[in-house]
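Chemist: here's my sequence, what's the structure:
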Amino acid sequence: MSLLRHPVAIVAGSAGLGALLLANLVAIYRGMDLPWLLGVVLVADIVAVGVGVLVAAREVLVAERRIELSEARLEAIIDSAMDAVVTVDAAQNIVVFNRAAEQVFRCPRGEALGGSLERFLPERFRVRHHGHVEHFGRTGVTSRKMGDVMTLWGLRADGEEFPLEAAISQSGEPGRRYYTVILRDITLRKQGEDALRAQQRELRELSARVLEAREEEKTRIARELHDELGQLLTALKMDLAAIREKLTDPDLLEKARAMRALLDQTVASTRRISADLRPLMLDDLGLADAAGWLVQDFARRSGVACDARLAPAEALHAASKNVSTAVYRALQESLTNVARHSGAKRVWVLLEARDGAIHLEVEDDGRGIAPADLAKPRSLGLKGMRERFAYLGGALEIGAATRGGTRLRVRAPMQGKEGETAA
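Modeler: Numbering: from 1, shown residues only. Below you'll find the model as predicted:
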């Protein structure tokens, strides 16, 4: 402990200096009369100076020891850090390189200290990094995260590149700036993220293939219902009409009329089921006509007034089959949800081609949809539509409408961009 901080030493030193000062004053006035006093005071002064020099030397040693201990403590703290800590001077030469940095860069501390930071940066990033650090030094900001937008890359001593995330801080005064970078090797995390993205992409592709298979199966069944079953029912109607002409029994005629009504009902049901599976006009006439028919059929069945603004057929002619089907299914699902859940009295539908993409908006004035409903695990229809458009490179949004109900917005590229997620 420093003597200058000990209370007893302070009191004793103050008393000694006071006594010595008093003796010097007495010697000045009585020195000629008492030569021995002058000699005693002179010896006391020499002793005091010697003691002072010894005390000062001790204090210097104590201060140096304290600094060494502080530096050792700081080095131990930095070495105990889980993340790599690297400090460089204004010339970007390394002055601090902790144990974690040795492990991350696979380089002994002795080889790193005094060397340039550039050896741990891939060559393509060195010029840009140097400029970034200089700019950061001029900003006056004490610290910030590095690589907020893109992944940073480091270079190990053996030449292997690896991804990292880092934060940089600066300290010191102008002319003696130090920059400290705390970085973390995120190789495993990035591998996990890449694997997760690959799995999501595979699942999205699988989902898209399943939907395509379903659409193909629906198309096949719809055509069989429309063509084969429709032809059979039509033939039955013709045969029944021929039989009715030869019947004279009133009871049999009444039975034939009932059969004719049942056949008409069966034909109508078959056409409706076929159209629900896949309207043939979507393949034969295109998206615009199919959407117009769907809106009219919805208004007729539900009694909900519809205000539809649909692009002309030629504006949507360039849309691929997958995109047209996805947009049609989104409109169909949205109108179905309006009829089942919203209690709306009016629906507004907008279908247009703009900026190389198809845009669909469906809005109602019903009770709206709560965020909790969108997050329900069994909301498969909405989730399926969102994934479908993400696979095509588009986007689907569902939220509150200005009129108080729900609004669905869809954007899909004309030809689709399979496998890409919309930004």
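
Chemist: moving C-terminal of the helix or strand of the chain with the lowest mean pLDDT, what's the next helix or strand?
Modeler: One helix or strand of the chain scores below all others by mean pLDDT, DSSP states H and E: strand 143-146, with a mean of 61. Downstream of strand 143-146, the first helix or strand assigned by DSSP states H and E is strand 152-155.

Chemist: next secondary structure element downstream of that next one?
Modeler: Taking DSSP H and E, what comes next after strand 152-155 is strand 161-173.

Chemist: tell me what that next one is packed against?
Modeler: helix 126-139, strand 143-146, strand 152-155, strand 176-185, helix 187-223 (3 or more C-beta pairs under 8 Å, 6 or more residues apart in numbering; DSSP states H and E). Quick note: C-beta positions are derived from backbone N, CA and C, even for glycine.

Chemist: please repeat the previous calculation with a cut-off of 10 Å.
Modeler: Where contact means 3 or more C-beta pairs under 10 Å, 6 or more residues apart in numbering; DSSP states H and E, strand 161-173 is packed against strand 84-88, helix 99-105, helix 126-139, strand 143-146, strand 152-155, strand 176-185, helix 187-223.

Chemist: partners of it in the sheet?
Modeler: Sheet pairing here is set by DSSP bridges, and for strand 161-173 it gives strand 143-146 (antiparallel), strand 152-155 (antiparallel), strand 176-185 (antiparallel).

Chemist: show me which residues of the last one are buried.
Modeler: Taking 16 or more other C-beta atoms under 10 Å as the neighbour-count basis, strand 176-185 is seen to contain the buried residues Arg177, Tyr179, Thr180, Val181, Ile182, Leu183, Arg184, Asp185.

Chemist: quick check: closest non-adjacent residue to the first one.
Modeler: With C-beta to C-beta, 6 or more residues apart in numbering as the criterion, Arg177 has its nearest non-adjacent residue at 4.8 Å, and that residue is Ala90.

Chemist: got the buried residues for stretch 343-355?
Modeler: Those would be Ala344, Val347, Trp348, Val349, Leu351, Ala353, for stretch 343-355 by 16+ other C-beta under 10 Å.

Chemist: so among the buried residues of strand 176-185, where is pLDDT lowest?
Modeler: Of all those, Arg177 carries the smallest pLDDT score, 83.

Chemist: these two touch, right, that one and Ser171?
Modeler: Yes. At 7.5 Å, Arg177 and Ser171 qualify as touching, with contact defined as C-beta atoms under 10 Å.

Chemist: which SS class is Arg411?
Modeler: strand (DSSP: H, G, I helix; E, B strand; the rest coil).

Chemist: list the contacts of Ser207.
Modeler: Lys383, Gly384, Glu387, Arg388, Ala390, Tyr391 (C-beta atoms under 10 Å, 6 or more residues apart in numbering).

Chemist: how close does it get to Gln199?
Modeler: Look at Ser207 and Gln199: by C-beta to C-beta, to the nearest Å, they are 12 Å apart.

Chemist: columns distance to Arg340 on top of the strands paired with strand 161-173, output as CSV?
Modeler: Converted to CSV, those look like this (distance: least, C-beta to C-beta, whole Å):
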stretch, distance to Arg340
strand 143-146, 47
strand 152-155, 50
strand 176-185, 50
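
Chemist: for Val96, find the nearest of those.
Modeler: Checking those against Val96 by C-beta to C-beta gives strand 176-185 as the closest, at 7.1 Å.

Chemist: pLDDT wise, what is the nearest residue to His130 once chain neighbours are set aside at?
Modeler: Excluding the flanking residues, the one nearest His130 by C-beta to C-beta, 6+ apart is Gln92, at 6.7 Å. Per-residue pLDDT puts Gln92 at 87.
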